[in-house]
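J.: could you work out the structure for the sequence below:
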Amino acid sequence: MRAIWNDTVIAESDDTVVVENNHYFPRSSVREDLLQDSDTTSVCPWKGTASYQSIEVDGQVNKDALWFYPEPKDAAKEITDRVAFWKGVTVTP
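T.: Below you'll find the model as predicted:
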């Protein structure tokens, strides 16, 4: 699977975990050089508290387009050290 934004591959892996129709990529498959930390968080009752990062490609920023669970609840342990995308990031095989 590939996560692409602004014609740039942000992450690529054969090992994604699908939860609620979102592909969670291993953190190690993500281009960290394209990410910016964010203070944004949200809470899922069964997964826990999500943190976000923005993506910057060619001077354009896609705010909070990546999310992850730093300490997922037991029900979501399979997404430990994994990230997912939204906000115009295309995930394709």
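J.: going by C-alpha atoms from here, please, whenever you check contacts or count neighbours.
T.: Noted.
J.: starting at the chain centroid, how far to stretch 77-91?
T.: Centroid displacement of stretch 77-91 relative to its chain, using CA atoms, centre = their mean, to the nearest Å, is 3 Å.
J.: list the buried residues for it?
T.: Within stretch 77-91, the residues scored as buried using 16 or more other CA atoms under 10 Å are I79, T80, D81, R82, V83, A84, F85, V89, V91.
J.: for stretch 30-43, the averaged confidence score.
T.: In this model, stretch 30-43 has an average pLDDT of 98.
J.: can you tell me what sits against it?
T.: Outside stretch 30-43, the residues that touch it by CA atoms under 8 Å, 6 or more residues apart in numbering are 10-12, 49-57, 64.
J.: chain center to it, what's the gap?
T.: With CA atoms, centre = their mean as the basis, stretch 30-43 stands 8 Å off its chain's centre.
J.: for stretch 83-93, same thing?
T.: That offset, for stretch 83-93, works out to 8 Å (CA atoms, centre = their mean).
J.: do stretch 14-34 as well
T.: Taking CA atoms, centre = their mean, one finds stretch 14-34 lying 6 Å from the centre of the chain it belongs to.
J.: tell me the buried residues in that stretch?
T.: T16, V17, H23, Y24, F25, P26, R27, S29, V30, L34.
J.: cool, thanks, talk later.
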